[in-house]
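S.K.: Predicted model and sequence follow; I will ask about them next.
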Amino acid sequence: MPTKPKVEEVVAEPKDKSQHQMMEMIRRMFLATIGAAVIAQEEVEVLVNRLVERGEIAEKDGKKLINEMMAKRKSQTTDVGDEISKNVESVLSRMNIPSKTDVDALGLKINALSKKVDELKKPE
């Protein structure tokens, strides 16, 4: 006789799909951001090299400008990465998905309980 699927099983499947889709979307956004930053850096380098070739700025000043732009980009990339991490954590929290820290803590508790159970099973 066929049994009806549990409500938990029916609800869990779409949730997993949406979580996967959301993580994929976040990954693509992050990759697009990195790609845009790389393209922007390349464009700045091309522009500075043109200015140097035309003699509008000194080569030393051009290198300094490129280095300053790279340092600023790294700082902004770090800031964006931190902001993305916070947003992802917030979304995962709202979706009631445990963090790695939560899972690790549960793993430690399970190990401790397993040891206690093993000790209780030992014959005295």
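M.R.: Cool, got the structure.

S.K.: use CA for all of it now, contacts and neighbours both
M.R.: Fine.

S.K.: where's the spatially most central residue of the chain relative to residue 27, distance?
M.R.: Nearest to the centroid of the C-alpha atoms of the chain, with distances taken as Cα atoms, centre = their mean, sits residue 85, at 5.5 Å. Residue 85 is 11 Å from residue 27, where distance means Cα to Cα, to the nearest Å.

S.K.: Sticking with the residue nearest to the centre of the chain, tell me its helix or strand.
M.R.: helix 59-94 (DSSP states H and E).

S.K.: Just list what that helix packs against, helices and strands only.
M.R.: Under the contact criterion of 3 or more Cα pairs under 8 Å, 6 or more residues apart in numbering; DSSP states H and E, helix 59-94 touches helix 7-54.

S.K.: Can you classify residue 98 as helix, strand or coil?
M.R.: coil (DSSP: H, G, I helix; E, B strand; the rest coil).

S.K.: Could you find the closest non-adjacent residue to it?
M.R.: Once flanking residues are discounted, residue 98 sits nearest to residue 92: 7.5 Å by Cα to Cα, 6 or more residues apart in numbering.

S.K.: Find me the pLDDT at residue 114, would you?
M.R.: The model reports residue 114 with a pLDDT of 95.
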